[in-house]
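Asks: Sequence isn't available, so here's the structure alone:
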């Protein structure tokens with residue numbers, strides 16, 4: 001069913017109280033008077049209270065833990081796309097491709113964040129009192145990604161007008177989530193029953209859904225806003241009614257500091273899975289708790305400040321849980337009770353062994369325990385211990401020549417996979433008439449890499465040895481005939497093309513074959529604009545080379561010729 005004419009949509013977050021619309025983030029449809037007339041789901045319009053069509057085979061529910069991991073992976077992908085799209089050293093078409101990748105990843109990330117919040121509310125991990133703030137955080141993130149995308153597009157000469165309208169719409173939705181007004185059905189507002197704040201010190205009423213008036217003006221509905229009594233002009237329990245739905249006076253909090261501390265820690269554990277050890281180790285959260293205990297913050301302010309805390313917002317649930325393991329371990333170390341049996345210690349040991357095993361495969365040498373444990377700690381805390389590409393990147397910085405001793409002589413060389421790549425680069429350079437330093441690529445800023453940096457880039461996949469080889473062949477093709485260029489383009493090296501002539505040149509001029517430079521003019525003359533020279537003609541040409549006169553064969557021919565002349569004149573018998 002199509003959406004009715006002369007209506008508009010606005011996204012709201014339903015905590016599950018309003019049964020007329022689905023749970024979670026919902027695109028509510030409003031008429032010109034600001035009354036809700038239905039909602040949209042998956043691009044289809046539904047009347048209020050109508051059941052949403054579901055697939056015949058229901059998919060297996062996704063857990064909040066799985067969604068958190070998905071969010072971490074998408075965030076890394078988004079950061080990479082942003083970095084690539086900001087690179088001014090690539091062409092416009094490629095930058096457009098990265099911007100599109102940034103857009104699709106951002107949209108998927110926001111969708112996953114919404115699913116996570118809805119799942120956490122269903123699982124009871126997030127209460128109604130905090131769901132509203134988390135919903136606002138999702139919209140803020142959506143706005144930030146849209147603004148970043150606009151910057152990227154403006155750099156390519158686009159106006160960004162369409163994105164400006166989208167950003168403004170999101171800001172309107174954010175305002176309505178933070179300052180909810182009742183959703184009106186006809187002339188009666190839809191209100192939510194009274195609910196208590198997390199820490200028991202004060203009571204407030206529950207929040208209500210709010211339409212977001214985009215280009216359509218929405219009349220202010222008659223009723224009570226969030227934080228006031230449940231009904232129009234209603235009175236909260238134990239308080240006096242307020243004129244026009246005004247909230248009652250705050251109830252005096254008579255709890256002791258000890259009780260406030262206990263209540264705060266207990267509810268932080270319940271709502272955010274944050275034990276008191278987090279507050280002891282994260283300075284910003286510790287200061288918030290101290291202010292709350294000293295009665296400088298109300299319950300609502302304490303909740304809001306936690307959700308706005310930089311540490312809380314920038315770390316996923318999985319990362320927060322890992323910090324708890326770290327802080328518990330450090331506490332045991334400080335009290336002399338660490339015995340290697342905690343989850344943190346066992347995980348660090350496992351990751352350390354994995355890092356060292358991967359390092360041996362990549363480098364052929366050991367990463368010492370201290371370096372491997374330092375890498376393991378970072379990988380564990382930031383939930384990256386199963387990301388193979390990140391592990392390789394962390395190990396790659398250790399790729400460097402390693403000292404050794406052979407026959408009493410000090411040596412220095414690479415090992416493992418790095419040695420294979422180094423030998424491949426050397427062979428590639430020699431096979432096309434270059435020195436190693438001549439073929440090393442450049443970084444994103446146009447600066448030439450050294451051998452060590454090149455091997456690190458190859459190890460992490462930032463450089464492809466096949467691509468490097470093709471670039472070298474293109475370089476070798478400069479100044480060559482079309483015949484040679486075609487062969488190089490087919491994947492042959494310069495040494496392959498000139499191999500037959502190089503062997504004849506070594507024989508005729510009596511030179512070591514491996515000492516003949518591929519750029520030698522006598523060798524280059526073998527293949528010209530008319531194509532490749534036949535071997536007989538090439539050998540005749542080589543006898544005109546100055547170096548031929550110094551060969552044993554040349555001296556013998558001169559001696560034989562002189563003897564023949566002497567015989568002809570009777571001087572030799």
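Replies: Received the coordinates, thanks. Worth saying up front: this structure is predicted, and the values here are computed from it rather than measured. Numbering: from 1, shown residues only.

Asks: all strands for the stretch 101-250 of the chain, in order.
Replies: For the stretch 101-250 of the chain, the strands defined by DSSP state E, counting those that start in this stretch occupy 183-185, 188-190, 194-196, 203-205.

Asks: quick one: residue 472 from residue 390, how far?
Replies: 30 Å (Cβ to Cβ, to the nearest Å). Any C-beta I mention is one placed from the backbone N, CA and C, and that applies to glycine too.

Asks: scratch that, residue 491 is what I was asking about
Replies: Distance of residue 491 to residue 390, given as Cβ to Cβ: 33 Å.

Asks: What of residue 381?
Replies: Applying Cβ to Cβ to residue 381 and residue 390 gives a distance of 13 Å.

Asks: In a helix, residue 36, correct?
Replies: No - per DSSP: H, G, I helix; E, B strand; the rest coil, residue 36 lies outside any helix segment and is strand.

Asks: Who does it form a beta bridge with?
Replies: residue 30 (DSSP bridges).

Asks: Please tell me I have it right and it contacts residue 28.
Replies: Yes - counting by Cβ atoms under 8 Å, residue 36 does reach residue 28; the two are 5.4 Å apart.

Asks: thinking again about what came up before, comparing residue 472 and residue 390, which residue is more hemmed in?
Replies: residue 472 (23 against 17; other Cβ atoms under 10 Å).

Asks: On the three-state scheme, the more buried one is what?
Replies: Assignment for residue 472 (three-state DSSP): helix.

Asks: For it, which residues are in contact?
Replies: Listed by Cβ atoms under 8 Å, 6 or more residues apart in numbering, the contact set of residue 472 reads 428, 429, 432, 434, 439.

Asks: The second one: which element?
Replies: Okay, so that is residue 429. helix 416-430 (DSSP states H and E).

Asks: residues contacting residue 140?
Replies: Per Cβ under 8 Å, 6+ apart, neighbours of residue 140: residue 174.

Asks: Now with 10 Å, please.
Replies: 170, 171, 174, 177, 178, 313 (Cβ atoms under 10 Å, 6 or more residues apart in numbering).

Asks: Next one: the nearest residue to the third one once chain neighbours are set aside, what pLDDT does it get?
Replies: Meaning residue 174. Leaving out its chain neighbours, the residue that sits closest to residue 174 by Cβ to Cβ, 6 or more residues apart in numbering is residue 139, at 4.5 Å. Looking at residue 139, its pLDDT reads 88.

Asks: So residue 139 sits against residue 132, correct?
Replies: No - with contact defined as Cβ atoms under 10 Å, residue 139 does not reach residue 132; the gap is 11.1 Å.

Asks: on that earlier part again, tell me, how many neighbours does the residue nearest to residue 174 end up with?
Replies: 24.

Asks: One more: the one 3 residues further on?
Replies: Neighbouring residues of residue 142 were enumerated by other Cβ under 10 Å; the total is 23.

Asks: quick one: contacts for the closest residue to it other than its chain neighbours?
Replies: Nearest non-adjacent residue to residue 142, counting by Cβ to Cβ, 6+ apart: residue 110, 4.8 Å away. Neighbouring residues of residue 110 by Cβ under 10 Å, 6+ apart: 25, 74, 138, 139, 141, 142, 145, 146, 170.

Asks: One more pass at 7 Å, please.
Replies: 138, 141, 142 (Cβ atoms under 7 Å, 6 or more residues apart in numbering).

Asks: now do residue 109
Replies: Contact analysis of residue 109 by Cβ under 7 Å, 6+ apart lists 71, 74, 75, 78.
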